[in-house]
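1. coordinates only, no sequence provided:
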């Protein structure tokens, strides 16, 4: 699964300082479900693009799911074929959000030793997720991202281009453009990718409320779709959703 971040801020290569990843070299990071790669398809003073490519190992993913479920790992569902044959290695989801949290940790916090002033400033950005499972269709993507100041293009992906009469799949090609702080942009994605997918690859525990409120600081409380966001992010667990809403209030 793939995420790209592009800026035309001058010099555009300052994006490397904001992400704390050098544009002149590719880097790889071990994550619980596979390997995350960061590289720059283009990097000059006019335009710079950083790419995060997550290579998911289905066996490691299935193992992580069983460990996260604790005593529930012995249930028949933990061993069915769906644990190994699914869209998780290909469609953006909470897997990508978790990889972002590890690889772009400093950027999510808005930290940059070399470009502190720039890290605190909005810059022109274009974010793209070529394949994102979007429950409810493209309209839901617009509802959650547009109030945050993004121009949203969520293009439905055909089920099969050779058979257009089959209609669209459950996936969209998501493109966001706007003037945002890099930290804000990453936190929007961190929360809203699993919200649009409406599924998580790990067991949702009470500490997820803290993660949500931290990543949603400054924007979630006033979001017109905060109820939808909270319910989906917390896997429709009413007690956790109620706790999050109470703390926001």
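-> Everything's here; your move. Computed from a predicted model, the values in this text were never measured in an experiment. Numbering: from 1, shown residues only.
2. now do the longest helix along the chain, average pLDDT.
-> Secondary structure of the chain read by DSSP state H shows that its longest helix is helix 182-197. What helix 182-197 shows for mean pLDDT is 97.
3. likewise for stretch 233-249?
-> 94.
4. next one: stretch 107-121
-> Rounded mean pLDDT across stretch 107-121 is 92.
5. show residues contacting that stretch.
-> Outside of stretch 107-121, the residues within contact range by Cβ atoms under 8 Å, 6 or more residues apart in numbering are 9, 14, 17-20, 100-101, 106, 181-183, 186-187, 190, 215. Any C-beta I mention is one placed from the backbone N, CA and C, and that applies to glycine too.
6. mind running it again at 10 Å?
-> With contact meaning Cβ atoms under 10 Å, 6 or more residues apart in numbering, stretch 107-121 is reached by 5, 9, 14-21, 50, 100-102, 105-106, 179-187, 189-190, 214-215.
7. so which helix or strand takes in the nearest residue to residue 227 once chain neighbours are set aside?
-> Leaving aside its sequence neighbours, residue 227 sits nearest to residue 245 (Cβ to Cβ, 6 or more residues apart in numbering; 7.5 Å). In this assignment (DSSP states H and E), residue 245 forms part of helix 238-248.
8. now do that helix: which elements does it pack against?
-> On a contact count with 3 or more Cβ pairs under 10 Å, 6 or more residues apart in numbering; DSSP states H and E, helix 238-248 meets helix 207-215, helix 226-233.
9. same list, these, but as JSON lines with distance to residue 120 and mean neighbour count please.
-> Below are the helices and strands packed on helix 238-248 laid out as JSON lines (distance: least, Cβ to Cβ, whole Å; neighbours: other Cβ atoms under 10 Å):
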{"stretch": "helix 207-215", "distance to residue 120": "18", "mean neighbour count": "17"}
{"stretch": "helix 226-233", "distance to residue 120": "25", "mean neighbour count": "20"}
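10. hang on, the earlier thing: just the buried ones among the contacts of stretch 107-121, please.
-> 5, 9, 14-21, 50, 100-101, 106, 180-187, 189-190, 215 (16 or more other Cβ atoms under 10 Å).
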